[in-house]
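Engineer: mind folding the following:
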Amino acid sequence: YWTDKMSPEQFVSIFIAPNMTWRQGYQELINNRKFGNDKIAKDLLEDIRRRIGYEIMLEYGLTSRIGRTLEKSACSCLSFDMSDIRELASKVRERVINELGLMTSLDDAAFQRMVFGWLSILRQNGAFDDIVFYKYCGKNGETFYLSNDYIKWLPGVQSGRNTPRFICRVTGKGKKPYYFDTAGDYKYTSWLESCFDYSELVSEDTAKQIGEFIISEALKLDLLHEIPAKDANIKAYGLNKKRVFISDNVTKLICDSCAAESACEDEFVYLMQGAGCLHRHCAGHLQAVKDDKLGYYGRLYCSGDLVRVHAYEHTGLLERGNRERIENDFKRNEKEQRQEWDPNVLSCTPTLEMGIDVGDLSSVVLCSMPPGQAQFLQRVGRAGRRDGNSLVLTIANNRPHDLYFYTEPMDMMAGSVATPHIFLKASAVL
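Structural biologist: Next comes the predicted model:
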């Protein structure tokens, strides 16, 4: 979609990941102000596309409930087709009744809730059938194969944030890999146990057996795919990406006990209303939020009014030519053919205090309180030089100097500026 809407230069500069900016193709774009047409440039473009696909899996999978995500802001979520859930629930219900002789009184909706929640847990653990995970699963969850040491366009490995937990079956003398789960793991069994009365729990393995039924029937319906593992006694399974979809018809759910937030597609709200919390060790129940107004981040994401941050260092350690190039690119305006990849944030030392024109700089953030009024005025005076308007933020650290001016800000902003002194006989001056 975006490759059709944008030029290659725009696409690369907006979507390139921070840990890919060292790539030769991107550096040539910055220096030549034009994207190349050679193999290096084409490889970079393809790797950015792969990275976007990977980040989408994280956004709706492993990290969907961490931070200000599209799911937590109720903008969109990953969901399943209702017909698939109904068919899977019907198959599982039939096996539970016939093979275990249990839950004969539970209706179809109870089993639909059961399998939908179970698949949602698998989704939240990032278990998708994708080629990027094949080597990882093939080596029984060795995280090296998800690192950018192995695949250059991947982010660095962060346990719990981009390390998926596939569900697996272990037979014979096989041993469950550390980063894999089984149908008997607590996260799955606790959810299933919350879906039926404890009087139906005839053995400790009841929930595990139901989980095995879900795996078997989901495989038959092509909702799950087997991903080959290194050990023949281990079979790993991931969600078929062709059987899930992204929906913007979202309802937010909040646990009445731990206040954990989640979201689901509107069509499944009647199933999840009153369901057990998906968090482990929580006995609360999910309640649909009646106020469907989007919060700040929800409105921001839906508006599409987002700007990519291109931050550069500006210090005395830089070579003069490099520093001047950064300054010139930072100052560019539309008449000077400013481009998407030009810097819009500078991280500076006092090298930017005096004698440097930084164009239409609109905002300054000071990471500590300056030592005196002269330094404060010099630094904040960098902003608003074109139109007289600026935003200045000063961060007060936990030390006496900063805390004093935090309580008495006018002493810094409107205090007297001491006349600078110089010792004319100093050896450095002479």
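Engineer: what about whichever strand or helix holds T189, average pLDDT?
Structural biologist: With the criterion set as DSSP states H and E, the secondary-structure element containing T189 is helix 186-194. Per-region confidence: helix 186-194 scores 90 on mean pLDDT.
Engineer: so how far is that helix off the chain centroid?
Structural biologist: 26 Å (Cα atoms, centre = their mean, to the nearest Å).
Engineer: same for that helix, what does it pack against?
Structural biologist: For helix 186-194, the helices and strands in contact under the criterion 3 or more Cβ pairs under 8 Å, 6 or more residues apart in numbering; DSSP states H and E are helix 108-124, helix 206-220. Placement of C-beta: from N, CA and C, glycine included.
Engineer: for the stretch 51-200 of the chain, which segments count as helices?
Structural biologist: Along the stretch 51-200 of the chain, counting by DSSP state H, counting those that start in this stretch, helices occupy 82-95, 108-124, 134-138, 186-194.
Engineer: C-alpha coordinates for the first one, CSV please?
Structural biologist: Translated: helix 82-95. Extracted in CSV, the C-alpha atoms of helix 82-95 (Å, rounded to 0.1, in the frame of the first residue of the first chain):
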residue,chain,number,x,y,z
MET,A,82,-16.6,-16.2,13.7
SER,A,83,-17.4,-19.2,11.5
ASP,A,84,-14.0,-20.7,12.3
ILE,A,85,-14.5,-20.2,16.0
ARG,A,86,-17.9,-21.8,15.8
GLU,A,87,-16.7,-24.8,13.8
LEU,A,88,-13.7,-25.3,16.1
ALA,A,89,-15.9,-25.0,19.2
SER,A,90,-18.3,-27.6,17.8
LYS,A,91,-15.6,-30.1,17.1
VAL,A,92,-14.0,-29.6,20.5
ARG,A,93,-17.4,-29.9,22.3
GLU,A,94,-18.1,-33.1,20.5
ARG,A,95,-14.8,-34.7,21.6
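Engineer: now that helix: mean pLDDT?
Structural biologist: 96.
Engineer: cool, and the third one?
Structural biologist: Summarised as a single mean, pLDDT over helix 134-138 is 93.
Engineer: and it, what's buried?
Structural biologist: Along helix 134-138, the positions that meet the burial threshold by neighbour count (16 or more other Cβ atoms under 10 Å) are Y136, C137, G138.
Engineer: which parts of the helix holding T189 are buried?
Structural biologist: For helix 186-194, the neighbour count (16+ other Cβ under 10 Å) marks K187, Y188, T189, S190, W191, L192, E193, S194 as buried.
Engineer: nearest to K241 among those residues?
Structural biologist: Top of the list for closeness to K241, among the buried residues of helix 186-194 and by Cβ to Cβ, is Y188 at 20.8 Å.
Engineer: coming back round to it: can you list the helices and strands packed on helix 186-194 in JSON lines and add distance to G321 and mean pLDDT?
Structural biologist: Supplementary listing: those in JSON lines, determined by distance: least, Cβ to Cβ, whole Å; pLDDT from 0 to 100:
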{"stretch": "helix 108-124", "distance to G321": "49", "mean pLDDT": "95"}
{"stretch": "helix 206-220", "distance to G321": "60", "mean pLDDT": "95"}
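Engineer: what's next to stretch 82-99, contact-wise?
Structural biologist: The contact list for stretch 82-99, computed with Cβ atoms under 8 Å, 6 or more residues apart in numbering, reads 102-104, 106, 108, 111-112, 114-116, 119, 210, 213-214, 217-218, 220-221, 223, 243, 267-268.
Engineer: select only the buried ones of those in ChimeraX?
Structural biologist: Restricted to the buried members of the contacts of stretch 82-99, where burial is judged by 16+ other Cβ under 10 Å, the ChimeraX selection command reads as follows:
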select :102,103,106,111,112,114,115,116,119,210,213,214,217,218,223,243,268
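Engineer: count of neighbours near the closest residue to M114 other than its chain neighbours?
Structural biologist: Sequence neighbours aside, C195 is the residue nearest to M114 in space, at 4.4 Å (criterion: Cβ to Cβ, 6 or more residues apart in numbering). C195: 20 surrounding residues under other Cβ atoms under 10 Å.
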